[in-house]
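>>> Give me a 3D structure for the following:
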Amino acid sequence: MQKLYHSSGMIFISINDLSVWVKKGSTVIQACQIAGAKIPRFCYHDKLFVAGNCRMCLVEISNSPKPQASCALPFLPNLRIFTNSALVRKAQEFVMELILLHHPLDCPVCDQGGECELQEQSFNYGSDRGRFFFFKNSLGDTFWGGLIKTVLRRCILCTRCVRYTHQIGGSDAVGTSNRGGHSEIGMFKESALKSETSGGVIELCPVSWCYS
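From the prediction side, this is the model:
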């Protein structure tokens, strides 16, 4: 019988049929990074709390009929993970289609070309056409101070900025409001972010909807 645990607190798993040892307590996305398996993500960040709301980091798990979000999935002994199967690719393509549902159509010629994670991942994991045809939501920009300029119509609600201002900046000024396709990020009362670390949201934003 194959040994599943190591005396140093490591767990034996399989990623794309590659056998690896990972630290007990790690998540699937962390182990995949160690094994060199590339997994797309928007909401996940190594330094922030796990949100699991973008669903781009889906992976196929043995004995599971549906793909799972790897950022919030802990390891189990003898777990088999597939990051490049047909099921995963189809699921990521569908997720990308939903993320772009209300996004402007100028991604290929956007001024942030080369610096936008959404643009890069839409090329690698998205489809060449969309199946939904209706009016897109158009949100007005909000005031976050002289340092940060917002373009809400490009926001994909990854909530990185919300978690960053709460966890790193120590402020609950930024949050989400409404539900579903009408959700948006902003402040209860429009004001400037006064935290010393507030400029970090510019670097964290995967679509560069916050910039200086």
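>>> Which secondary structure state is assigned to Gln92?
helix (DSSP: H, G, I helix; E, B strand; the rest coil).
>>> pLDDT score for it?
Note for Gln92: predicted pLDDT of 93.
>>> Please apply the same query to the one 10 residues further on.
Listed pLDDT for His102 reads 80.
>>> ditto for Pro67
The model's pLDDT for Pro67 equals 94.
>>> Look up how far Val59 lies from the nearest residue to Asn137 once chain neighbours are set aside.
Among residues not flanking Asn137 along the chain, His102 sits closest, at 4.5 Å (CB to CB, 6 or more residues apart in numbering). Every C-beta, even on glycine, is put in place using the N, C-alpha and C of the backbone. Distance from His102 to Val59, counting by CB to CB, to the nearest Å: 26 Å.
>>> cool, Arg154 as well?
Arg154 sits 27 Å away from Val59, going by CB to CB.
>>> Neighbour count for those two, which is higher?
Counted by other CB atoms under 10 Å, Arg154 and Val59 do not tie: Val59 has more neighbours, with 27 against 21.
>>> Identify the residues contacting the more buried one.
Residues near Val59 by CB atoms under 8 Å, 6 or more residues apart in numbering: 28, 32, 39, 67-68, 70, 73, 81-83, 88.
>>> can you give me the helices in this structure?
For the chain, the helices defined by DSSP state H occupy 28-35, 86-99, 117-125, 160-167, 200-204.
>>> For Thr142, find the nearest of the ones you listed.
With respect to Thr142, and counting by CB to CB, the nearest of the helices of the chain is helix 160-167 at 11.8 Å.
>>> Which neighbouring elements make contact with the closest one?
Judged by 3 or more CB pairs under 8 Å, 6 or more residues apart in numbering; DSSP states H and E, helix 160-167 is in contact with strand 174-177, helix 200-204.
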